[in-house]
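> Generate coordinates for the sequence data below:
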Amino acid sequence: MSDIARHTPWASSINGSVLSNIIDNSLSIAPALQKAILSAGGDILPTLGVTLTNTPKISFKTHDLDLIAAPTAITSVVLVFRAYDEASGMGIGYISFTIGKGLIVPMTMQGAQGQAAELSIDIYPISSDGVTEPIIVGTTTALMGVHGDAYIIGDLTISSVITGIQDINLNFGYNVATNAGENGKPYPTLAYIDKQEAGLTVKTASLSAATQARINTGASTADVSFSFRKLAEGGVPSGTLTGTFKKALVHAEGISGGRPATISIVTTPVYGGSGNDYLTWAAA
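Numbering: from 1, shown residues only. Sure thing, here's the model as predicted:
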């Protein structure tokens, strides 16, 4: 009997956008089972095992920062794994995981000096009726994608551009809730955002930023923006992806006395009450 084929994550389709730059070792597909093990009266050993709820979640990271900028309803997600071949390295066998309904949520966006930035994404599959499985496992033909956009760190602007940026770490701050278990059905039929509290931490070697970040008390300010520079194949970065908080509390979290010394600037946005002004994005 031959060994079971080994597979590796391959090109995937996210709402029609085909990409193949899911970062190695970042993809996970996991159920979230709530189970019950029951015993009949007087029995020493359990006699019944049941699944009460199952809220699966898929997570992965990509260099394509502009793939998903806000929670987005799923129209079609297909995650493809390609088989290894004993002779040539990559074979022609594929396993696919298909999701037709659910929610795609950006979780973090981070980059460090001299490295390609990463976007982490969680996917919450849901069922059409609470009992139909939300993830369909099957086989597929070859799905050849393209490497999406890639970025490195850019600027931080509070009242002016701050130099010496070492790393940028954005936590989108989304809290996702589901309705798994309603009417005794195991799978959720709804996934939604019930809270968002974003946060941005930027480390810079420019200690003069302590003035703008208010090392002692913090500063309530408007239009805090941060950017990532878009990489161009064979050339220098060209283009930017910029996020902006229209209103925020900014403070210096601490100074590290390294060589060079660095300061961490923490930005906590608040809603200004005017349209969608909490976190906005622009590409140039």
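> The stretch 101-250 of the chain: helices as residue ranges?
209-213 (DSSP state H, counting those that start in this stretch).
> Show me where it has its strands.
For the stretch 101-250 of the chain, strands defined by DSSP state E, counting those that start in this stretch occupy the ranges 102-112, 118-125, 136-138, 151-157, 161-162, 165-171, 174-178, 191-196, 199-204, 219-230, 240-256.
> Now the last one: average pLDDT?
Strand 240-256 carries an average pLDDT of 88.
> The next helix or strand after that strand - which strands sit beside it in the sheet, and in what orientation?
As assigned by DSSP states H and E, the chain's next helix or strand after strand 240-256 is strand 262-269. Strand 262-269 has its sheet partners listed here by DSSP bridges as strand 199-204 (antiparallel), strand 240-256 (antiparallel).
> hey, which of those strands is tucked in deepest?
Of all the strands paired with strand 262-269, strand 199-204 carries the top mean neighbour count, a mean of 20, counting by mean count of other Cβ atoms under 10 Å. From N, CA and C alone the C-beta is placed, and that goes for glycine too.
> which residues make contact with that one from outside it?
156, 162-171, 173, 224, 226, 245, 253, 262-269 (Cβ atoms under 8 Å, 6 or more residues apart in numbering).
> mind redoing it with 7 Å?
156, 162, 164-171, 173, 226, 262-268 (Cβ atoms under 7 Å, 6 or more residues apart in numbering).
> Please name whichever of the strands of the stretch 101-250 of the chain is nearest to residue 96.
strand 136-138 (5.3 Å; Cβ to Cβ).
> The closest one - which strands sit beside it in the sheet, and in what orientation?
Strand pairing (DSSP bridges) places strand 136-138 next to strand 89-99 (antiparallel).
> Buried residues in the strand it pairs with, which are they?
Applying a neighbour-count criterion of 16 or more other Cβ atoms under 10 Å, one finds 94-99 buried in strand 89-99.
> now, which of these sits nearest residue 7?
residue 95 (5.7 Å).
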